[in-house]
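Novice: Okay, predicted coordinates and the sequence, questions at the end:
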Amino acid sequence: MKGKSFDLIAVRKELHRIPEPAFQEVKTKALLLSYLQMLPDIVIYEMQQSTGILIEYRHGKGSFLLFRADMDALPLKEETGCDFASEHEGFMHACGHDIHMTVLLGLIQAVVTERWQKNLLFLFQPAEEGKGGAEAVLREGLLQAYKIKAVFALHVSGRLPVGEISAKAGLFFAIPQEFDVRFTGVAAHAAFPEKGKNALIAGVEFYKRINDYIAKLQPAQKIIFNIGVMRSGSIRNIIPDECLLQGTHRTLSKEVRDDINRKTRQIAEKIAQKHGVQFDVDLLCTYDPVINDDRLYRSLKQVCKELKLHFTESDVWMTGEDFGFFTTRYPGLLFWLGGGEQPFDLHSPHFLPDENCIPIGISVFLKLAEKINS
């Protein structure tokens, strides 16, 4: 029996209309399941600890290839003006995950329709945008029941034209680390400063000293360091009793990441002691680096040649992607899929990749699966 034929452009639009935040992809999951349940010869596993879905397609006793797409959206108000814009106010698929899911669904449809004699896994993964979705999937334990030979993912790009693919072997995406630093003092009237402990002064000094430290590491180390939020006080004549700094850094090695994390805490502690305030350093989301397997990378270049797609060698990207948790454990490959050159790229409220990249993504995945023996 052949699989159901889906209108993938319509699917993409349906998914785009219902963006949902990390671990809350309930409507997204339900929509995907409504399509998956029409297909024969697959086993569908709904994850118990998250909104993730794992699909098994088994033919024989060999190992498995895994293909992954991310499901979540971003807290942005959409400004694309398209006729299938977000119906969930304040959320938007501004990172192309609607494209990713559509490509993966199209891949499953093609495999089932053509009755492939391969062992394949397909993962719809929640919470890629900074909430630890890949780690949640791995904690579930489902993947550990399979012998996985290689893992694959793609990411749509607004910097590349449709028909262009880009990647590099080895280190591809950097290690992100998000952090909060909070100083807590004692409020007092500005006329009586001796009665207070000024948290804002501590925060300002921390900002300067940590940036001075990062400057000493550069340019020997490629680092991005940014404190994007500094919030303190609410009344002009009151000494602030709290100062919150929220930031992120991106590095190319876990050693440098860990060094910056240690220094963040050390500097915060010394400044807190100096000014008689309390401090707290909260190390939030961090990912493993995305490492592309050299053999799989060479296969991608050959696939692009066979499909007559333009391939561009990529630089290392200082963005983060939790697919790195999979490439740490298995040989893996992540690549950029050209989504049409536009003035807006990922995480912009105007970002809207070209739907014509969908069949290209499916074709590349299919060719990769053909080339890798399971």
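Specialist: Good, I have the coordinates. Residues are numbered from 1 along each chain as shown.
Novice: all strands of the stretch 201-350 of the chain, in order?
Specialist: 224-232, 238-239, 242-251, 278-286, 290-292, 310-313, 332-338 (DSSP state E, counting those that start in this stretch).
Novice: The second one pairs with which strands, parallel or anti?
Specialist: Strand 238-239 has the following sheet partners, assigned by DSSP bridges: strand 188-189 (antiparallel).
Novice: Which residues does the partner strand contact?
Specialist: Residues from elsewhere that reach strand 188-189 (C-beta atoms under 8 Å, 6 or more residues apart in numbering): Glu194, Lys195, Gly196, Asn237, Ile238, Ile239. Placement of C-beta: from N, CA and C, glycine included.
Novice: now do stretch 247-259
Specialist: 171, 174-181, 214, 217, 221-229, 260, 286, 289, 316, 318-320.
Novice: For that stretch, buried residues please.
Specialist: Gly247, Thr248, His249, Arg250, Thr251, Leu252, Val256, Arg257 (16 or more other C-beta atoms under 10 Å).
Novice: end to end, how far does stretch 340-356 reach?
Specialist: 9 Å (C-alpha to C-alpha, to the nearest Å).
Novice: where do the helices sit along the stretch 51-200 of the chain?
Specialist: 97-113, 133-140, 199-217 (DSSP state H, counting those that start in this stretch).
Novice: Show me the chain divided up by domain.
Specialist: 8-174+289-371, 175-286 (automatic domain parsing).
Novice: Would you mind finding the longest helix in the chain?
Specialist: helix 254-275 (DSSP state H).
Novice: which of the residues in it are buried?
Specialist: Here helix 254-275 shows Val256, Arg257, Ile260, Asn261, Thr264, Ile267, Ala268, Ile271, Ala272, His275 as buried, counting by 16+ other C-beta under 10 Å.
Novice: what pLDDT, on average, does that helix get?
Specialist: Helix 254-275 shows a mean pLDDT of 98 in the predicted model.
Novice: do stretch 84-101 as well
Specialist: pLDDT averaged over stretch 84-101 gives 98.
Novice: Name the residues of it that are buried.
Specialist: Counting neighbours by 16+ other C-beta under 10 Å, stretch 84-101 gives 84-86, 91-101 as buried.
Novice: any idea how far that stretch is from the chain center?
Specialist: With C-alpha atoms, centre = their mean, to the nearest Å as the basis, stretch 84-101 stands 14 Å off its chain's centre.
Novice: Let's see the distance spanning it from one end to the other.
Specialist: 16 Å.
Novice: hmm, back to that, I'd like the buried residues of stretch 84-101 written out as CSV, with distance to Met47 added.
Specialist: Supplementary listing: these in CSV, determined by distance: C-beta to C-beta, whole Å:
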residue, distance to Met47
Phe84, 28
Ala85, 29
Ser86, 25
Phe91, 22
Met92, 25
His93, 21
Ala94, 25
Cys95, 21
Gly96, 23
His97, 17
Asp98, 20
Ile99, 22
His100, 18
Met101, 16
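Novice: out of these, who's nearest Cys357?
Specialist: Ile99 (6.6 Å; C-beta to C-beta).
Novice: show me what contacts that closest one?
Specialist: Arg12, Val156, Leu337, Gly339, Pro353, Glu355, Cys357, Ile358, Gly361.
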